[in-house]
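Engineer: The following comprises the amino acid sequence and a computationally predicted model.
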Amino acid sequence: MDIRTHNIIRNSAANGPGLRYVIWFQGCTLGCRDCFNADTHEWDGGRLLSLKDIMADIHLQGEAIAGVTISGGEPFQQPASLLALVEAVRAETDLSIIVFSGYRKEEIEHNPLCEGVLGGIDVLVAGRYVPARYLGHGLRGSSNQVLHFLSGRYTQEQCDAVPEAEITISLGGEVSVTGVQVPVIAGWN
């Protein structure tokens, strides 16, 4: 199984409680105005990575990470790949899983593959980004987005305590800015 990915950060503090392995899926047709992940929208962008290679990389992180965060693009527009990744993380690790989606939970529940994803994750951050309702706090970019705590593993307080942004520099010198305060840092709002 291959997953079309945009980027991976192996130890992020701004994408959920604790240090997290973050995978951005490539491809999104939702078209949220002023999306701060616009580079993830094109379907022919990014790169294909095998589920086996992603899981091997997650295992290499060992106890340094508390969980896996999946963002995008729109992860639920690759439902079979998303389900396979969630099932593999659940089967092979005890890591938590957070998924960011532009869809509302009610929209996700209409697809049987997507329902399987919901059964395997700890937190769903759901709803389209609305710049007029910018929030930039507690894993939500805009105030209309909803955190669904699906497993009881995390609380609202834990998610609110997540840093709103971070800048990372890879060993190769690649700079990444991530988190829900990205529009402010980049001067977009």
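Structural biologist: Sure, I can see it. The model shown is predicted, which means the values in this text are computed figures rather than measured ones.
Engineer: can you tell me the average pLDDT over stretch 157-170?
Structural biologist: Averaging pLDDT along stretch 157-170 gives 86.
Engineer: next one: that stretch to chain centre, how far?
Structural biologist: Centroid separation for stretch 157-170 versus its chain: 13 Å, with CA atoms, centre = their mean, to the nearest Å.
Engineer: Equivalent analysis for stretch 153-164, please.
Structural biologist: 15 Å.
Engineer: Between the two ends of it, what distance do you get?
Structural biologist: 20 Å (CA to CA, to the nearest Å).
Engineer: what does it rub up against?
Structural biologist: By CB atoms under 8 Å, 6 or more residues apart in numbering, the residues outside stretch 153-164 that reach it are 13-17, 96, 122-123, 136-139, 147, 149, 179-181. C-betas here are computed from N, CA, C, even on glycine.
Engineer: need the helices for this protein, in chain order.
Structural biologist: With helices called from DSSP state H, the chain shows them at 51-61, 79-92, 105-108, 112-118, 156-160, 182-185.
Engineer: Of those, which shows the lowest average pLDDT?
Structural biologist: helix 182-185 (a mean of 50).
Engineer: Report how many residues lie close to residue 118.
Structural biologist: When neighbours are defined as other CB atoms under 10 Å, residue 118 has 17 of them.
Engineer: mind checking the longest strand of this protein?
Structural biologist: strand 2-12 (DSSP state E).
Engineer: buried sites along that strand?
Structural biologist: 3-7, 9-10, 12 (16 or more other CB atoms under 10 Å).
Engineer: that older thread, out of the contacts of stretch 153-164, which are buried?
Structural biologist: Buried by 16+ other CB under 10 Å: 13-17, 96, 122-123, 136, 138-139, 147, 179-181, out of the contacts of stretch 153-164.
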